[in-house]
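Trainee: turn this into a model:
(one chain, ligands or ions: 2)
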Amino acid sequence: MDTSSNGSNGSNGSIRSAEITAVGRVEVLTRPGPQGRPAAGHVRVRMLAVGICGTDLSLASGSRTPPELPWRLGHEGVGEITEVGPGVEEWMIGDRVALEPNITCGQCEYCRRGVTSACASRLSAGVLTQPGFLAEVVDHPSGFCHRLPAGIPVERAVCAEPLTVAAAAIRRTGLQGGEDVLVIGAGAQGLLATLVLVDRGYRPWVREPDEARLRVAIELGAQAFDLGTSPAPQVVIDAAGVPEGLAAVVDRLAPFAKVTIVGEDQDHLGASSFDIVQRQLSIRGSFIYEHPEDMATAVAMLEKLPTEAIVGPGLALDEVSELLGAHSGRRPGVKQWVDLRG
Ligand SMILES: [Zn+2]
Ligand SMILES: [Zn+2]
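Mentor: Numbering: from 1, shown residues only. Ligands and ions are numbered 1, 2, ... in the order given. Down below sits the predicted model:
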């Protein structure tokens, strides 16, 4: 077995890969790496870091069904290009990139309208259709790579994809400037939304039951929302998507408040039509982001947003089994990530 951990293909071309092998079980397996030159329009990437989020936990625990077993996880990846396929001219060996895991077709009605998030033929690495990024080396379409700003730490770069989700939710909300904005939930999405809002001059209110997470939000520039005394929010970014979140505040919102839901959960939210109608709320869901502008914008924002403030210490690939296994304990940092630099 090849146990090379230098991050590139082992001497026999093998790579290590973190895969769900059964419900509640994630194993690090040695697999054949990508062989030969990358396909036309693709690049080969030596992975540097991969973030772990609730989607990975749902897939590993079985609350969401992986497309097949074994299933390689990881959709929040950054790496370094080691080889380019035919027809790839925009990338060179050594370029550092964030990978956009949602590969949209560019041809369908929605893609042509610029709303690729609704693409009917969307491929989704690590989640729906393609093996993910939690491996030492992966091949990826060159048009779905985004150049990282020079010199930013890997701990910051690893937040590129979830930051894109948060920033797209805020873009779609259409802020006017100066509103009282409430962020529900201070998990990774809520904290990344907080960072974007603070960067835009807001001091968002945050509602989060976990005191340690709330403290992180306040350190990033938010203020704790109090149901009794805080002003009526004109904008809500719901990064939790659970009944305890939105339903608890819906009758405190300002008339015409705009609510953007980005957190996903199976439970019904429990807001009454009475509150929605009488307050004339606009409620929208925000799913992923539009290719390529949203991720390009978010990756450029990494130059100034200290997203490393929300991540824990990097895990070794071998530690993923324990993190995503059935009996995972809580680790420091709101967001977990795997350090593949070796
Ligand atoms: Zn994610
Ligand atoms: Zn499409």
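Trainee: near ligand 1, which residues of this protein are found?
Mentor: By Cβ under 5 Å from the ion, the residues of the chain that approach ligand 1 are 53, 55. Backbone N, C-alpha and C define where each C-beta goes, glycine included.
Trainee: the residue minimising distance to the centre of the chain is in what secondary structure piece?
Mentor: Against the mean C-alpha coordinate of the chain, by Cα atoms, centre = their mean, the closest residue is residue 162 at 2.4 Å. Using DSSP states H and E, residue 162 maps to helix 160-173.
Trainee: one step back: correct me, but the residue nearest to the centre of the chain touches residue 187?
Mentor: No. Look at residue 162 against residue 187 with Cβ atoms under 8 Å: they stay out of range, at 9.8 Å.
Trainee: how about low-confidence regions in this protein?
Mentor: Counting by pLDDT under 70, the chain contains low-confidence residues at 1-11, 326-332.
Trainee: can you tell me how far whichever residue of the stretch 1-150 of the chain sits closest to ligand 1 is from residue 92?
Mentor: Across the stretch 1-150 of the chain, the shortest distance to ligand 1 (Cβ to the ion) belongs to residue 53, at 3.2 Å. Applying Cβ to Cβ, to the nearest Å, the value for residue 53 to residue 92 is 30 Å.
Trainee: out of those two, which sits in the busier spot?
Mentor: Neighbour count, other Cβ atoms under 10 Å: between residue 53 and residue 92, residue 53 has more, with 19 against 10.
Trainee: may I have the strand or helix carrying residue 217 as CSV, with CA atoms only?
Mentor: Here residue 217, judged by DSSP H and E, is contained in helix 211-219. In CSV, the C-alpha atoms belonging to helix 211-219 read as follows (Å, rounded to 0.1, in the frame of the first residue of the first chain):
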residue,chain,number,x,y,z
GLU,A,211,-22.7,31.2,23.4
ALA,A,212,-19.3,30.3,22.0
ARG,A,213,-20.5,30.8,18.4
LEU,A,214,-22.3,34.0,19.3
ARG,A,215,-19.0,35.3,20.8
VAL,A,216,-17.2,34.6,17.5
ALA,A,217,-19.9,36.6,15.6
ILE,A,218,-19.5,39.5,18.0
GLU,A,219,-15.7,39.4,17.6
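Trainee: tell me where the stretch 151-300 of the chain has helices.
Mentor: 154-157, 160-173, 188-199, 211-219, 243-249, 273-278, 293-301 (DSSP state H, counting those that start in this stretch).
Trainee: residue 237 is nearest to which of the ones you listed?
Mentor: Nearest of those to residue 237, taken as Cβ to Cβ: helix 188-199 at 4.9 Å.
Trainee: and that closest one, what other elements does it pack with?
Mentor: Counting contacts by 3 or more Cβ pairs under 8 Å, 6 or more residues apart in numbering; DSSP states H and E, helix 188-199 packs against helix 160-173, strand 181-184, helix 211-219, strand 235-238.
Trainee: much appreciated, bye for now.
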